[in-house]
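Asker: Quick one: sequence plus predicted model below, questions after.
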Amino acid sequence: MDKLLHVSGLTMRFGGLLAVNNVALDVYEKEIISIIGPNGAGKTTVFNCLTGFYKPTAGQIIYRGEPLQQLPGHIISRKGMVRTFQHVRLFKDMTVIENLLVAQHRHLNTGFLAGLFKTASFRQAEQQGVERASAWLERIGLSEFANREAGNLAYGQQRRLEIARCMMTQPNLLMLDEPAAGLNPAETAELDELIVELRDKHQVSVLLIEHDMKLVMGISDRIYVVNQGCPLADGTPEQIQSNPEVIKAYLGEF
Ligand SMILES: Nc1ncnc2c1ncn2[C@@H]1O[C@H](COP(=O)(O)OP(=O)(O)OP(=O)(O)O)[C@@H](O)[C@H]1O
């Protein structure tokens, strides 16, 4: 398996607070990798550094052999690394299908003039976008809500729509920040199935921040544990669950 992402020495300081301290992680193709740790451990800050929302104080972020740490977020997402946020961020006044099409539009490989004159290649790309959006709506059980405003969907549906919106850009690495937060057990089970399917059917690697340990332990290929900004352990779910330091710092809470 090829390495998709290599992170080393990642450090983020906010004034006197060292939020992320020398974190390292690797993600290979077709892997589900989780980052776990107590509240405030620095997990979301790691995501924000990887996706260009923050400029890290130090460290290397290599994505498919290319350094990313100086690039803005929109360029990083075009390179195939996309994310969701801890709080749902949909275009709530747009319809469900528009939320998907808008994501596709930002990644269309056609130029301004092609769009202006609606060339054959532009129309073909648009048609493919509509077909892809329909397929995703079908997969996440939202076909019947295609023309409803996204803000009117139930919370669990909005969460699934966010993931589908990311998938419209055909990423290599999908980063999910607490996707199970606020979901009921049935919705969490659906999410579990969807994430595994993204890896197995769509060949996407998933980097997951999550507090639901049943979900994490069930689907992760490997897990990184951070505590107070620092790396604490990494390994398979079995190794992490039996690591005394991890149990003391975090898993003991569950
Ligand atoms: N923009 C910022 N400015 C100042 N401090 C910040 C900023 N972003 C995060 N922090 C601080 O960095 C630390 C790590 O926060 P972060 O949100 O990354 O933790 P987390 O592990 O994702 O927590 P949770 O599980 O609660 O989401 C916290 O002390 C937080 O207050």
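Answerer: Everything's here; your move. What you see is a predicted model; the values in this text were computed from it and never measured.
Asker: What residues does the stretch 1-150 of the chain have near the ligand?
Answerer: 14, 17, 19, 37, 39-45 (Cβ under 6 Å from any ligand atom). In this view, the C-beta of every residue, glycine as well, is placed from N, C-alpha and C.
Asker: Looking at these, state which has the most neighbours.
Answerer: residue 43 (28 neighbours; other Cβ atoms under 10 Å).
Asker: wouldn't that residue be in contact with residue 209 here?
Answerer: Yes. Between residue 43 and residue 209 there is a contact at 4.6 Å, judged by Cβ atoms under 8 Å.
Asker: hey, what's in contact with both of these two?
Answerer: 35-36, 177 (Cβ atoms under 8 Å, 6 or more residues apart in numbering).
Asker: The residues you listed into CSV, with extra columns for pLDDT and secondary structure?
Answerer: Below are the shared contacts of residue 43 and residue 209 laid out as CSV (pLDDT from 0 to 100; DSSP: H, G, I helix; E, B strand; the rest coil):
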residue, pLDDT, secondary structure
35, 98, strand
36, 97, strand
177, 96, strand
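Asker: I'd like the next helix or strand past the longest helix seen in the chain.
Answerer: When the chain is parsed with DSSP state H, its longest helix is helix 120-139. Downstream of helix 120-139, the next assigned helix or strand under DSSP states H and E is helix 155-167.
Asker: Can you point out the buried residues in that next one?
Answerer: Residues 156-167 are the ones in helix 155-167 that count as buried (16 or more other Cβ atoms under 10 Å).
Asker: name the element the spatially most central residue of the chain belongs to?
Answerer: Nearest to the mean C-alpha position of the chain, counting by Cα atoms, centre = their mean, stands residue 175 at 1.6 Å. Residue 175 belongs to strand 173-177 when assigned by DSSP H and E.
Asker: show me the contacts for residue 158.
Answerer: By Cβ under 8 Å, 6+ apart, residue 158 lies in contact with 88, 90, 150.
Asker: for the longest helix of the chain, packing partners?
Answerer: Judged by 3 or more Cβ pairs under 8 Å, 6 or more residues apart in numbering; DSSP states H and E, helix 120-139 is in contact with helix 96-105, helix 112-116, helix 155-167.
Asker: Make a markdown table out of those helices and add mean pLDDT and distance to residue 64.
Answerer: A markdown table is the format used below for the helices and strands packed on helix 120-139 (pLDDT from 0 to 100; distance: least, Cβ to Cβ, whole Å):
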| stretch | mean pLDDT | distance to residue 64 |
| --- | --- | --- |
| helix 96-105 | 87 | 21 |
| helix 112-116 | 65 | 27 |
| helix 155-167 | 95 | 18 |
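Asker: Just the C-alphas of the strand holding residue 175, formatted as CSV.
Answerer: The C-alpha trace of strand 173-177 is given here as CSV (Å, rounded to 0.1, in the frame of the first residue of the first chain):
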residue,chain,number,x,y,z
LEU,A,173,-8.3,11.2,2.0
LEU,A,174,-11.5,12.1,3.9
MET,A,175,-11.1,13.6,7.4
LEU,A,176,-14.1,13.4,9.7
ASP,A,177,-14.3,15.4,12.9
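Asker: Identify the residues contacting that strand?
Answerer: 4-5, 27, 43-44, 47, 50-51, 63, 80-86, 163, 166-167, 195, 198, 204-210.
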